[in-house]
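# Kindly generate the corresponding structure for this input.
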Amino acid sequence: VLIGISLLVGIPGIIVFAPRNSVRPPAVQQPERVKGDGTSHSMDRFAILLQVAVIPVGGQLGWHWALSRSDHRFAGPGSWLLIFPEIAVIVILHELGHIVAGLCCGMKLSGVFLGPLHIYYLNGKWNLRFVHGFLKGAAGAVLMIPSTPNRNRIGRIWFIAGGPIASLLSGIVFLCLTTTIPVGQSAPLWDFCAWTGILSLSIFVLNVIPVRSQALYSDGAKIFQVLTCSVLDDYYWILSFSHSLAVTPNRPRDYDLDALRRVLDSPVGQPLRVVFRLMESECMFERGLIEQSAESVAKAQAAYDEQSEVMTAGSICAFVFGHAILRGDATTARIWAERLEGGDGFGPDDRWLCSAAVACAEGLKNEVESLLDQFERFQRERHACGSREFNLYQARLIREKLTGRSDSPAPVLQSVAAPAELQTQPAYSLS
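Below is the predicted model of the structure:
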């Protein structure tokens, strides 16, 4: 009995609150608790009380209800081995609910995490990798990204609610199945249906309560944040949209600048303010706002000097391009470009673009042409997506800057007219 209660209490909490990995390292840092996020310490303690007291009692009631409608009894100690396939089924059905709801709302599936199995879409193909660790092995997650810049809040609510709804329905279905298993069939099958139903209902209850545990918000808390237009919803929207650039036609010009600046002005965005400043810079650059873009690069540099975040290849390239092409600072650009040498996770295209930007700022025309030729050939072989088109746009701007340069070293690019299709502001739906 004690083993059963321990499993019943612990497993739902592990599945709901176990840490999730992001698609690409480093993992996205979760924001600190902020006012208006829908959670509180008292609600967190209530969720713990629910796991310790209410859910086990409810589980026993569900177990006796199922027994009252069947001649089966507990199949013995061997049935506890079924807890692992039960967890797998619960996680798969819960995450499948998120996936189906997201697809119905026009989102695109970019990653699935089922225990140690990570399947994610990157560079035009699906990739598979394994991550060791018990907590990671007990958790599940999906990454759904927006297919357009339009921000559909109703659709996001349905996507978030899809998981708990799937857990509720699957719990009811599995408990009802215990009443249909004929007498004489395998007792472990009955145990499997009973426990899967009880645990699925437990997952539903824990998910709909707005709580925060181990820096993760429950689905109920996230729905509250969407409904109240919380800055946390802006935070998750911006990060989700940034992932979409490598999969969809979305481009940096399509960022919601208002949401991005709300995040930057709040404590939520402070841990990643360097990355958010670079997003702001790329957005304004592609909209033709060169001076404002250069200013954002300077602010990102100042933020980096204060906290020294771990930079990805994309962030380093943004710094190199910003300093070399937008600000005309070849010295700082070269310092950033040198960080690509010998680093892991950096492709040849990253090095070609950064080297071309630095060479352009230093006036090395022949070297720039050679590097950009290699870079553009590489990019055109990639799958079509917004980030590829943005990279090609950057290369074109480097060529234009080099062609129109004067004899003075590293002139600042004062204004570059963006193509007509880039000058239109995206429309954002807040429905």
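
# Identify each buried residue in stretch 232-248, please.
Across stretch 232-248, burial judged by 16 or more other Cβ atoms under 10 Å covers 232-248. The way it works is simple: take the backbone N, C-alpha and C, and place the C-beta from them, glycine included.

# Could you point out the longest helix of the protein?
Criterion DSSP state H: the longest helix present in the chain is helix 153-177.

# Under the pLDDT cut-off, which ranges of the chain? List them.
1-33, 36, 50-81, 132-139, 182-186, 214-215, 308-309, 342-345, 404-431 (pLDDT under 70).

# Now the residue nearest the centre of the chain: which helix or strand?
Residue closest to the average C-alpha location in the chain (Cα atoms, centre = their mean): Ser240, at 5.2 Å. Here Ser240, judged by DSSP states H and E, is contained in helix 231-244.

# Could you do Ala384 as well?
Using DSSP H and E, no helix or strand contains Ala384.

# Spatially, what comes nearest to it if we skip its sequence neighbours?
Leaving aside its sequence neighbours, Ala384 sits nearest to Pro249 (Cβ to Cβ, 6 or more residues apart in numbering; 7.5 Å).

# List phi and psi for the one you found.
Per-residue torsions, Pro249: phi -70, psi 0 (degrees, to the nearest 10).

# And Asp191, by the same measure?
For Asp191, the backbone dihedrals (degrees, to the nearest 10) come out as phi -60, psi -40.

# Tell me, how many residues neighbour it?
Residues near Asp191, counting by other Cβ atoms under 10 Å, number 24.

# From Ile87, how far off is it?
14 Å (Cβ to Cβ, to the nearest Å).

# So His94 sits against Ser167, correct?
Yes - taking contacts as Cβ atoms under 8 Å, His94 lies within contact range of Ser167: 5.0 Å.

# Who has more neighbours out of those two?
Between His94 and Ser167, counted using other Cβ under 10 Å, Ser167 has the larger neighbour count: 29 against 26.

# what are the ranges of the strands in the stretch 101-250 of the chain?
Applying DSSP state E, counting those that start in this stretch to the stretch 101-250 of the chain gives strands spanning 107-114, 117-122, 125-130, 140-146, 212-213, 216-217.

# and among those, the most buried is which?
Looking across the strands of the stretch 101-250 of the chain with neighbours counted as mean count of other Cβ atoms under 10 Å, the highest average goes to strand 140-146: a mean of 23.

# What helices and strands are in contact with that strand?
helix 83-104, strand 107-114, helix 231-244 (3 or more Cβ pairs under 8 Å, 6 or more residues apart in numbering; DSSP states H and E).

# For Arg151, find the nearest of the ones you listed.
For these, the distance to Arg151 is smallest for helix 231-244, at 6.4 Å, taking Cβ to Cβ.

# which residues sit against the helix or strand that that closest one is followed by?
Once the chain leaves helix 231-244, the next helix or strand it forms, by DSSP H and E, is helix 257-264. If you take Cβ atoms under 8 Å, 6 or more residues apart in numbering as the criterion, helix 257-264 is touched by 151, 231, 234-235, 237-238, 269, 273, 276-277, 279-280, 283-284.

# contacting residues around His118?
Asn21, Gly111, Val112, Leu128, Arg129, Phe130, Val131.

# Any chance of a markdown table for these, columns distance to Glu381?
A markdown table is the format used below for the contacts of His118 (distance: Cβ to Cβ, whole Å):
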| residue | distance to Glu381 |
| --- | --- |
| Asn21 | 29 |
| Gly111 | 23 |
| Val112 | 27 |
| Leu128 | 22 |
| Arg129 | 23 |
| Phe130 | 29 |
| Val131 | 30 |
